[in-house]
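A.B. asks: 3D, please:
(one chain, ligands or ions: 1)
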Amino acid sequence: MRIGLYPGTFDPITLGHTDIIRRACALVDRLVIGVAINTGKGPLFSLEERVAMVESECAKLSAETGTEIVAHPFQNLLIDCAHDVGAQIIIRGLRAVTDFEYEYQMVGMNRAMDDSVETVFLMAEARYQAIASKLVKEIAKLGGDVSKFVPDDVRVQLLDKIK
Ligand code: ADP
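C.D. replies: The predicted structure is shown next:
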């Protein structure tokens, strides 16, 4: 059984994330979405809210792809989380060059800790590549339309949150 771990903050889950999840489903039998508990990013949504949004979007993606998808909150080392959930593969999304340097270091350090867990990078469809949760939140706060960036249910919750 091939198990993949896709970690992130998901504050909130965007159409960039869901595009990566859909692609990852083609590569694994089970996909675990690792939702970071302690994130230095100072999340807008609580862990419970982020997990609930991930679960609700993943239920739809699971029905669409036939791949089992589960959400797993974590606060330990990523490589330990991979061991906890039995993942042989870590999935990361790659946007522009700005993501590259950080990801390059992460792979190097994770490999030094466990060389048997492989990191796989996926790119979202062109129209979703520029999406970042941080910018989506800023656009929403300034009254912009975020319907092209997040799933509909997430947009409703986001507007509710910033009210
Ligand atoms: P963000 O960086 O937007 O705050 P996360 O920390 O939740 O999002 O990111 C989790 C993973 O998803 C990371 O590997 C990140 O590079 C990837 N990702 C986020 N948005 C996109 C996107 N639009 N296209 C491809 N990958 C993405």
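A.B. asks: drop to CA atoms for contacts and neighbour counts, all remaining ones
C.D. replies: Fine.
A.B. asks: the helices in this protein, which residues?
C.D. replies: Using DSSP state H, the helices found in the chain span residues 15-25, 47-65, 78-85, 97-113, 133-141, 152-162.
A.B. asks: please look at E118 and R92 and confirm they touch.
C.D. replies: No. In this structure, E118 sits apart from R92 without contact. The criterion is CA atoms under 8 Å, and the distance is 10.8 Å.
A.B. asks: who has more neighbours out of these two?
C.D. replies: Here E118 and R92 are compared on neighbour count by other CA atoms under 10 Å; more neighbours surround R92, at 21 against 16.
A.B. asks: OK, contacts around the residue nearest to the more buried one when sequence neighbours are not counted?
C.D. replies: If the residues on either side of it in the chain are set aside, R92 comes closest to F121, at 4.9 Å by CA to CA, 6 or more residues apart in numbering. F121 sits next to I91, R92, G93, L94 when contact means CA atoms under 8 Å, 6 or more residues apart in numbering.
A.B. asks: where does the protein come near the ligand, residue by residue?
C.D. replies: Taking CA under 6 Å from any ligand atom as the test, the list of the chain residues beside the ligand reads 7-10, 16-17, 92-95, 123-124, 128-134.
A.B. asks: mind running it again at 5 Å?
C.D. replies: On the criterion CA under 5 Å from any ligand atom, the ligand has as its neighbours in the chain the residues 8-10, 16, 92-95, 124, 129, 131-133.
A.B. asks: columns pLDDT on top of those residues, output as JSON lines?
C.D. replies: Rendered in JSON lines, the data for those read as follows (pLDDT from 0 to 100):
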{"residue": "G8", "pLDDT": "96"}
{"residue": "T9", "pLDDT": "96"}
{"residue": "F10", "pLDDT": "98"}
{"residue": "G16", "pLDDT": "98"}
{"residue": "R92", "pLDDT": "97"}
{"residue": "G93", "pLDDT": "96"}
{"residue": "L94", "pLDDT": "94"}
{"residue": "R95", "pLDDT": "91"}
{"residue": "A124", "pLDDT": "96"}
{"residue": "Q129", "pLDDT": "94"}
{"residue": "I131", "pLDDT": "96"}
{"residue": "A132", "pLDDT": "96"}
{"residue": "S133", "pLDDT": "96"}
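A.B. asks: which helices and strands does the helix or strand of the chain with the lowest mean pLDDT pack with?
C.D. replies: In the chain, the helix or strand scored least confidently by mean pLDDT, DSSP states H and E is helix 97-113, which has a mean of 92. Here helix 97-113 is seen to pack against no other helix or strand when contacts are counted using 3 or more CA pairs under 8 Å, 6 or more residues apart in numbering; DSSP states H and E.
A.B. asks: alright, I will stop here.
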